[in-house]
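J.: just the structure for this:
(one chain, ligands or ions: 3)
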Amino acid sequence: MSNKALFLDRDGIVNLDHGYASKPDDIDFVEGIFELCRYFQQRGYLIIIVTNQSGIARGYYSEHAFSALMEWMTKQFAQQGVILTDTFYCPHHPEHGKGPYLRQCTCRKPQPGMLFDAAKKYDLDLATCVMVGDRLSDMEAARSAGVLNRFLVNQQQDSHDGCHKVTELKQIIPTVQRLLG
Ligand SMILES: O=P(O)(O)OC[C@@H](O)[C@H]1O[C@@H](OP(=O)(O)O)[C@@H](O)[C@@H](O)[C@@H]1O
Ligand SMILES: [Mg+2]
Ligand SMILES: [Zn+2]
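T.: Numbers count the residues shown, from 1 in each chain. Ligands and ions are numbered 1, 2, ... in the order given. Take a look at the predicted model:
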């Protein structure tokens, strides 16, 4: 357990959530995302996306289309000086999934499955990882996985789970500097 990661939710954090993005034309990157990634990368964090993709379960787009979009996204990150180490995704939905995707799985956030899978694959010390998300389900997944520093961006909802609430990505760096030095 020697590595640490910045876990990013995708829709709503990396790109604006216009609803079930499936192709590059659907992607508008959120202001400050590359700067945030560069900050953590310089401090030795791997950059890992953890994303619910029920659009696959619902039949809106295929896993192949999802992978092609992530390949494109990885190149956009690289052009901005950011190595996107990996993406973990949940293609299931417990009610609206079709065929094999109709499942009560352990990877759909708020379940912590994707974070545990990432920890296993990259030998992560989850306590020292950081999660940034736009839903309480992101915070819950990270809390259940034992991620101590969790940032909830741009949500009015009240949360009692001890996460840091910010309205913009650029507010994260000063808080991290205070917490982690
Ligand atoms: O925010 P992440 O985890 O990266 O991805 C969320 C997306 O898969 C979609 O998840 C859906 O929720 P349901 O999966 O239908 O409950 C909706 O919130 C969509 O607007 C959103 O695009
Ligand atoms: Mg989201
Ligand atoms: Zn799943």
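J.: report whether the lengthiest helix in the chain contacts ligand 1.
T.: Counting residues, the longest helix in the chain under DSSP state H turns out to be helix 63-79. No. For helix 63-79, no contact with ligand 1 is found by Cβ under 6 Å from any ligand atom; the gap never falls below 9.7 Å. In short, each C-beta sits where N, CA and C put it, glycine included.
J.: could you do stretch 24-41 as well?
T.: No. Applying Cβ under 6 Å from any ligand atom, one finds stretch 24-41 separated from ligand 1 by no less than 9.3 Å.
J.: now that stretch: average pLDDT?
T.: Averaged across stretch 24-41, the pLDDT comes to 98.
J.: go on, stretch 80-93?
T.: The model assigns stretch 80-93 a mean pLDDT of 98.
J.: and stretch 164-177, by the same measure?
T.: Confidence for stretch 164-177, expressed as mean pLDDT, is 95.
J.: distance from it to the middle of the chain?
T.: Stretch 164-177 sits 16 Å away from the centroid of its parent chain (Cα atoms, centre = their mean, to the nearest Å).
J.: same question, stretch 30-41
T.: Counting by Cα atoms, centre = their mean, stretch 30-41 comes out at 13 Å from the chain centroid.
J.: got it, and stretch 100-110?
T.: The chain centroid and the centroid of stretch 100-110 are separated by 16 Å, computed with Cα atoms, centre = their mean.
J.: does ligand 3 sit close to it?
T.: Yes. Counting by Cβ under 5 Å from the ion, ligand 3 has neighbours in stretch 100-110: 105, 107, 108.
J.: the second one: what secondary structure?
T.: Put plainly, it is residue 107. Under DSSP: H, G, I helix; E, B strand; the rest coil, residue 107 falls in the coil class.
J.: what does residue 61 give?
T.: Remark: residue 61 carries the secondary structure label coil [criterion: three-state DSSP].
J.: report pLDDT for the residue in the chain that ligand 2 sits nearest to.
T.: At 3.4 Å from ligand 2, residue 12 is the closest residue in the chain, using Cβ to the ion. Residue 12 carries a pLDDT value of 98.
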